[in-house]
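*Asks:* Would you be able to build a 3D model of this:
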Amino acid sequence: MPKSRKEPKKEVPISELEKPTFSEPATDELPSQTRTKKSTRTKAESKSNGASTSNPPSRPSSGIEPQFKSNANSKPKPEPKPKSRGARVLYWHRTDLRLTDSPSLKNALDIEDIESFWPIWCFDPEYVYRTRVGVNRWQFLLDSMESISEEYKKLNGNQRLWVLRGNPEKVIKKLVEEWDITHLCFEKDSNAYSKVRDQKIIGLAKDLGIQVVMTPGRHLYDPDEVIKRNNGKPTMTLHQWQAVTNKMGEIPHPTPAPESIPDPGPSTLKNDEDQKWGEYQGVDMNRGIRTGTDTCFESITGPSLNPFSVPTMSQMGFEQATTTIRGGTSDGHKRLDLFLSDSDKVAKFSKPGSAPTSLEPSTTLLSPYIKFGCVGVREIWWGSKNVVDIWKKKGGKGETKEPENMFGQLQFRDMYACAEAAVPHFERIRGNPVCKYVAWSLQNQYDSDGNEILPRPKDEDEIAEERFQAWREGRTGFPWIDACMRQLKHEGWIHHLARHSVACFLTRGQCYISWERGMEVFDDWLIDWDPASNPGNWMWLSCSAFFSQYFRVYGLVSWPQRTDKTGALVRKYCPELKDFPDKYIYAPHLAPRGVQEKANCIIGEDYPSPILDEQKEKDLCIARLKDAFSLGYHGNDEDVLNGTAKTRLKELHAENGHTHEKKEEEDKKKRKRDGEGALDKFIKREKK
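*Replies:* Have a look, this model is predicted:
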């Protein structure tokens, strides 16, 4: 492994703090070894940390020259030199709730002469109220915060995760003023909202005269740097992303966990009761799950008996979670170690080849831990690579290739991040230049100024609204879809191929409902929700972007039967169907009345009848997508923004006979021509 380059220290202007940099590779070991090995950092090594700033004075200059008073009768006396002080460092955790594989934390700890060090978390009202977050994701986050707090305590009994409650600008300003902070360090985040937030913080830091150390670390490569090298364009295919990153050098190795953490400084703050720490002007997007009193922001430090503590579900007014998946860096690394312990499984891992019908996750279930940074992406990358390399040296054959293997899955995550960071309005149709325009039902609604109307007004399309609610609540009458949606709500996670099925069904498969609506439900319920991957996947599955083969639709019976003909997942999450024979488990509405009675479940009474005709709606959706692709509109086209595109597309549907009315008319003609008996025979044939 190459040695770190030794570069002279120099001040970095505040305008250059965004420069993407990585720490030099620190180890070639597997993640499990990395976490237990003591840091061997030398003082010389710490001087080449690759941060976006090098070791500045304990308090950087504000740029204002000191003023000296003079006396007309005497020479001015020089001011006494101030007593030398150490650095007082805030390390601001966000989606990096780990100590391992954290280039940002390493750079923070490499600051010279640290006098005091506080690892903090700001409970941001923008996240608490503006972002859709279900109870399972809240619980996972709180678990993860508690977990890293314990990791800090193991390294230093005086340390913890210091949790502050309030707007980050207000909180950090107060900490700088009361705790005399000299440095603010955090992991860079290229997500749209995060960039706006962080730019405000960087501006605040400049005004307050403190040094900012911002280091990339959430992704394999800094998304902003990838976009820059791609001429400012988003990466819309994995090949595009690979073509750029192949020229960016090797993915850095994971940095080891620190062997010690400096002591914190003061641990008291004035509450400033006049300050509205949780002030938020918008709509509380989580009001629907808030069943109790929200006391989260009554004080900047939380309860007086337990200051700086991690909030509880009850303090935020939430009910308890239902998921069995618990958060934390400890649990995340256990899952990673378990995966890496089976070299054959790592080498032959194939995401598309895993079983969506399995009662136990057939994949690694690492995605929630990646989302909150409980496990670092470089730990997974290099851990997997080292295992595969050893496996091949021992004669292993049949390695899975990209993009199906673990490396391809991590690359897909980066690809979406680079798309989201470069595309305006990535999370919606209107104004989105990469999103194909389709005249879906139940799209977002906007006022005359182009602002989204929230809460969403009731849509006039009552049939589409009922279908959407049935999909969301797991009562479509299609057991495979219903079981997946019920599992998602209960656990906060479903297999990625199950996600494909329910997303396709809601959009281009059968319901023809906007992917925006489905994305919002996933926003609510997914533990591993990601602001880039979630909208990216929904655009992919609806063939709005990234993927265009709209004629490939997941079967509601044939697809789950590929991996489980017994319907185990359906029997667990749709228990009313548990006694149906295997033959009818995915299509109970086709079972004869006698079979339904024996199973103690009458379709249409104890379990819903199908909300639609699967094949008929599939054909209609495919025809409409073909119309939409022929017009070639995108979300930022003027005709889309002014409503003309929707009108033109509906007219084209009518002209081509791609409407429910036209289909019904054709069906009547066909039945009249062939005779009702033909239809009766078809139904009987299906019921056999």
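*Asks:* pLDDT on the helix ranked longest in the chain, on average?
*Replies:* Determined from DSSP state H, the single longest helix within the chain is helix 135-155. Helix 135-155 shows a mean pLDDT of 98.
*Asks:* same thing with stretch 349-361?
*Replies:* 92.
*Asks:* what comes into contact with that stretch?
*Replies:* 362-364, 400, 404-406, 408-409, 484, 493-498, 501, 560, 563-564, 567-569, 572 (Cβ atoms under 8 Å, 6 or more residues apart in numbering). (Glycine included, C-beta is placed from N, CA and C.)
*Asks:* same question, stretch 570-590
*Replies:* Counting by Cβ under 8 Å, 6+ apart, 359, 474, 477-480, 482-484, 486-487, 490, 556-557, 560-561, 565-567, 591, 595-596, 598-601, 603-604, 606-607, 609-610, 686-687 sit against stretch 570-590.
*Asks:* those strands in this structure, which residues are they?
*Replies:* 87-93, 114-123, 162-165, 183-187, 211-215 (DSSP state E).
*Asks:* Between strand 114-123 and the first one, find me the angle.
*Replies:* Think strand 87-93. If you take axes from the mean of the first three to the mean of the last three Cα atoms, to 10 degrees, strand 87-93 sits at 30 degrees to strand 114-123.
*Asks:* Check the fourth one too.
*Replies:* Regarding strand 183-187 and strand 114-123, their directions subtend 50 degrees when assessed with the same axes, to 10 degrees.
*Asks:* Give the partner strands of strand 183-187 in its sheet and their orientations.
*Replies:* strand 87-93 (parallel), strand 211-215 (parallel) (DSSP bridges).
*Asks:* mind checking which of those is nearest residue 509?
*Replies:* Proximity to residue 509, assessed across the strands paired with strand 183-187 by Cβ to Cβ, is greatest for strand 87-93 (40.3 Å).
*Asks:* for the record, mean pLDDT for the closest one?
*Replies:* Mean predicted lDDT for strand 87-93 stands at 98.
*Asks:* how about the CA coordinates for that strand, as PDB?
*Replies:* Only the C-alpha atoms of strand 87-93 are listed here, as PDB (Å, rounded to 0.1, in the frame of the first residue of the first chain):
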ATOM      1  CA  ALA A  87      -8.500  23.400  19.500                       C
ATOM      2  CA  ARG A  88     -12.100  23.000  20.600                       C
ATOM      3  CA  VAL A  89     -13.700  20.700  18.100                       C
ATOM      4  CA  LEU A  90     -17.300  19.900  17.300                       C
ATOM      5  CA  TYR A  91     -17.800  16.700  15.300                       C
ATOM      6  CA  TRP A  92     -21.300  16.900  13.800                       C
ATOM      7  CA  HIS A  93     -22.800  13.400  13.100                       C
END
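*Asks:* so how far is that strand from its chain's centroid?
*Replies:* In terms of Cα atoms, centre = their mean, to the nearest Å, the centre of strand 87-93 is set 25 Å apart from its chain centre.
*Asks:* same question, stretch 206-221
*Replies:* Worked out by Cα atoms, centre = their mean, stretch 206-221 lies 21 Å from the chain centre.
*Asks:* Dump that stretch to PDB, restricted to CA.
*Replies:* Backbone C-alpha positions of stretch 206-221 (Å, rounded to 0.1, in the frame of the first residue of the first chain) are rendered in PDB as follows:
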ATOM      1  CA  LYS A 206     -17.200  32.100   8.300                       C
ATOM      2  CA  ASP A 207     -19.100  34.800  10.200                       C
ATOM      3  CA  LEU A 208     -18.200  33.300  13.500                       C
ATOM      4  CA  GLY A 209     -14.500  32.900  12.600                       C
ATOM      5  CA  ILE A 210     -14.300  29.100  13.100                       C
ATOM      6  CA  GLN A 211     -12.700  26.600  10.800                       C
ATOM      7  CA  VAL A 212     -14.800  24.000   8.900                       C
ATOM      8  CA  VAL A 213     -13.400  20.600   8.000                       C
ATOM      9  CA  MET A 214     -15.700  18.800   5.500                       C
ATOM     10  CA  THR A 215     -14.700  15.400   4.200                       C
ATOM     11  CA  PRO A 216     -16.400  13.100   1.700                       C
ATOM     12  CA  GLY A 217     -17.200   9.600   3.000                       C
ATOM     13  CA  ARG A 218     -20.800   8.600   2.300                       C
ATOM     14  CA  HIS A 219     -20.100   7.100  -1.100                       C
ATOM     15  CA  LEU A 220     -17.400   5.200  -2.900                       C
ATOM     16  CA  TYR A 221     -16.600   8.500  -4.700                       C
END
